[in-house]
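below is the sequence, then the predicted model.
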Protein chains: 2
Amino acid sequence: MRIGVLHPGEMGVSVAQALADSGHEVGWVRNDRSSATQARAAPFTGFDNLAELLETAQAVISVCPPHAAEAQAREVAAAGFAGVYVDANAVSPATAARIAEVVGAGYVDAGIVGPPALTPGTTRMYVSGPRAEEVQSWFGAGALTVVRMAGDLTAASALKMAYAAYTKGSSALLLAVNALAEATGVRDVLAQEWAISQPGLSKRSERTAAATSRKAWRFAGEMQEISQTFSEAGLPGEFHAGAAQLYERMAGLKDLPAAELELVLQHLLEDL
Amino acid sequence: MRIGVLHPGEMGVSVAQALADSGHEVGWVRNDRSSATQARAAPFTGFDNLAELLETAQAVISVCPPHAAEAQAREVAAAGFAGVYVDANAVSPATAARIAEVVGAGYVDAGIVGPPALTPGTTRMYVSGPRAEEVQSWFGAGALTVVRMAGDLTAASALKMAYAAYTKGSSALLLAVNALAEATGVRDVLAQEWAISQPGLSKRSERTAAATSRKAWRFAGEMQEISQTFSEAGLPGEFHAGAAQLYERMAGLKDLPAAELELVLQHLLEDL
């Protein structure tokens, strides 16, 4: 098959590689992409614009920041694409349902858990809905594990939201607590208390700063999707509304090296 | 010395015991207390009402649910008490500062970290402000460790807020995530994914349910104090506003045995 991947970021390129390893031709769209994307996507078939790719592709997988997912689907639908459209983005079930409406019968929901799939076993793409089995059948080889879920059309998005709600939510909480301790002048004593009763939290704070600083700019949108998912389920959406604000303050760290905790705290507390 | 403890809940009675072990006479007030409190406080000197206790006590330590802390201080101040008043409650630095104003020169801020102090090494009471050393000097023996902090008058409250912000905040988040997964029908798959990539989270969910169910009724007020502490520091208060709502929904579990996760989720999702 020829399958388009929109777009080959670090995660997208690992999905593209799994498709290529499974014997498919993978297409991508060159226009308006960064030089980093150009370099990552070089092994795959580049098209000058979306219309050219969609003319020959039988399927498309969307892997993009959550805030861009719906617009991406609309753009593909507007081009009259009638193939399978896999939305693998971190969006709420409600956003996924809107995308499903835009896309029509070709829609398949997916949610990716784990880092970009470079090694087998690290990363799973969950797929749901009546055409999930079809998508799973594309991946015979490669580092990405594809797991078919029973349940609703948008179950894969629900799973992704619940999973990221804890991992990225608790990371935001930990950074916020460090910032609070810094702002109130009790960071040293908190570190001493943690050393006694919560061993590992100081180290985890440092690791969390380094692991999130460059991605925080796109976590904000994901936290908003999670917040909406909680609200839609009748649960408090505030946790992740707070987490979204926190990651927004870190957006300026995007193009810097992985940040130390001190630098993250400066960003969280600046302009106060 | 004769020192009053208001009131001998599980934590309060352990503070009282540490004072008794250090050679002080500990007083408490019998009126309006539950039969559980009456039983716990039996080894100490009971007074019929607050005025009688305050007449002879040189110091008072307030250990009560956060939402009651300010009213407790006002009641003691209104009785004309001129001794040392230690507020050991989980309140924001701003609430602590209001209590300090109510109480006057005798005020000392404290924050307790850990379970009721039954065994040495489990529990620390942090004290701050100009009279902190005096309070520390009362505790020569017993299971409670008293730690003096440098810094502001209300540093002990700031420490307590930052500490509980992570422990009780992440517990609330974990329960909320389980409730979300239940509500959206993906709990089984989430548990399978956690077993691969977040080992321990399912077990921790069960332990968290059991550890919080009976105390959630008073955690709600503490979460509100923490939310205010974040807001006052210019950081997102939403995390703990969400946690407060979550614990409020669990308030009905107060007088039941430690709850299983299923029962906690029922409470979190009922009336939806």
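Done, it's in.

which stretches of chain A form helices?
A:10-21, A:35-40, A:50-56, A:69-78, A:93-103, A:132-138, A:155-183, A:187-197, A:201-212, A:216-232, A:238-249, A:261-269 (DSSP state H).

average pLDDT for the third one?
Averaging pLDDT along helix A:50-56 gives 96.

which strands or helices does that helix pack on?
strand A:2-6, strand A:25-29, helix A:69-78 (3 or more CB pairs under 8 Å, 6 or more residues apart in numbering or on different chains; DSSP states H and E). In this view, the C-beta of every residue, glycine as well, is placed from N, C-alpha and C.

may I see the buried residues of the first one?
Of the residues in strand A:2-6, A:3-6 count as buried by neighbour count, 16 or more other CB atoms under 10 Å in any protein chain shown.

related to what we said a few turns ago, between the helices and strands packed on helix A:50-56, which gets nearest to chain B?
Across these, chain B has its closest neighbour in helix A:69-78 (18.2 Å, CB to the nearest CB).

how far does the closest one sit from the chain's center?
17 Å (CA atoms, centre = their mean, to the nearest Å).

just the CA trace of it, in PDB.
Extracted in PDB, the C-alpha atoms of helix A:69-78 (Å, rounded to 0.1, in the frame of the first residue of the first chain):
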ATOM      1  CA  ALA A  69      -5.400  17.500  14.700                       C
ATOM      2  CA  GLU A  70      -8.900  18.800  13.800                       C
ATOM      3  CA  ALA A  71      -7.600  21.300  11.200                       C
ATOM      4  CA  GLN A  72      -5.500  18.500   9.700                       C
ATOM      5  CA  ALA A  73      -8.500  16.300   9.300                       C
ATOM      6  CA  ARG A  74     -10.500  19.100   7.700                       C
ATOM      7  CA  GLU A  75      -7.800  19.800   5.200                       C
ATOM      8  CA  VAL A  76      -7.600  16.100   4.100                       C
ATOM      9  CA  ALA A  77     -11.400  15.800   3.900                       C
ATOM     10  CA  ALA A  78     -11.700  19.100   1.900                       C
END
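
so which elements touch it?
Against helix A:69-78 (3+ CB pairs under 8 Å, 6+ apart) you get helix A:50-56, strand A:59-62, strand A:84-87, helix A:93-103.

buried deepest among those, which one?
Compared across the helices and strands packed on helix A:69-78, strand A:84-87 shows the largest average neighbour count, a mean of 26 (mean count of other CB atoms under 10 Å in any protein chain shown).

now A:Glu270: closest residue in space, sequence neighbours ignored.
In this structure, A:Glu270 finds its nearest non-sequential neighbour in A:Arg249, 7.7 Å apart by CB to CB, 6 or more residues apart in numbering or on different chains.

skipping adjacent residues, who's closest to A:Ala18 in space?
Nearest one to A:Ala18, counting by CB to CB, 6+ apart, is A:Gly142 at 3.1 Å.

if I look at the one you found, how far off is A:Thr123?
Using CB to CB, to the nearest Å, we find A:Gly142 at a distance of 10 Å from A:Thr123.

between the two, which contacts overlap?
Common contacts of A:Gly142 and A:Thr123 (CB atoms under 8 Å, 6 or more residues apart in numbering or on different chains): A:Ala117.

can you list the helices and strands packed on helix A:69-78 in a markdown table and add distance to A:Leu263?
Rendered in a markdown table, the data for the helices and strands packed on helix A:69-78 read as follows (distance: least, CB to CB, whole Å):
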| stretch | distance to A:Leu263 |
| --- | --- |
| helix A:50-56 | 38 |
| strand A:59-62 | 33 |
| strand A:84-87 | 34 |
| helix A:93-103 | 32 |
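
how about residues contacting stretch A:99-110?
A:59, A:61, A:69-70, A:73-74, A:76-77, A:81-88, A:91, A:96, A:125-129, A:131-132, A:134-135, A:153-157.

got a ChimeraX select line for the buried ones in the residues you listed?
In ChimeraX syntax, the buried subset of the contacts of stretch A:99-110 is picked out as below (16+ other CB under 10 Å):
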select /A:59,61,69,70,73,76,77,81,83,84,85,86,87,88,91,96,125,126,127,128,129,131,132,135,153,154,155,156,157
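
out of the helices of chain A, the one nearest B:Phe239 is which?
helix A:238-249 (4.0 Å; CB to CB).

what does the closest one contact?
A:165, A:168-169, A:172-173, A:175-176, A:212, A:216-217, A:219-221, A:223-224, A:226-227, A:230, A:267-268, A:270, B:172-173, B:176, B:230, B:235-243, B:245.

show the pLDDT at A:Leu272.
pLDDT, A:Leu272: 57.

isn't the residue nearest to A:Ala18 right up against A:Gly23?
No: at 9.8 Å, A:Gly142 does not count as touching A:Gly23 under the criterion of CB atoms under 8 Å.

one step back: dump the helices and strands packed on helix A:50-56 to a markdown table, plus distance to B:Leu263.
Listed next are the helices and strands packed on helix A:50-56 as a markdown table, based on distance: least, CB to CB, whole Å:
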| stretch | distance to B:Leu263 |
| --- | --- |
| strand A:2-6 | 45 |
| strand A:25-29 | 49 |
| helix A:69-78 | 37 |
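
out of the contacts of helix A:238-249, which end up buried?
A:165, A:168-169, A:172-173, A:175-176, A:212, A:216-217, A:219-221, A:223-224, A:226-227, A:230, A:267-268, B:172-173, B:176, B:230, B:235-243, B:245.
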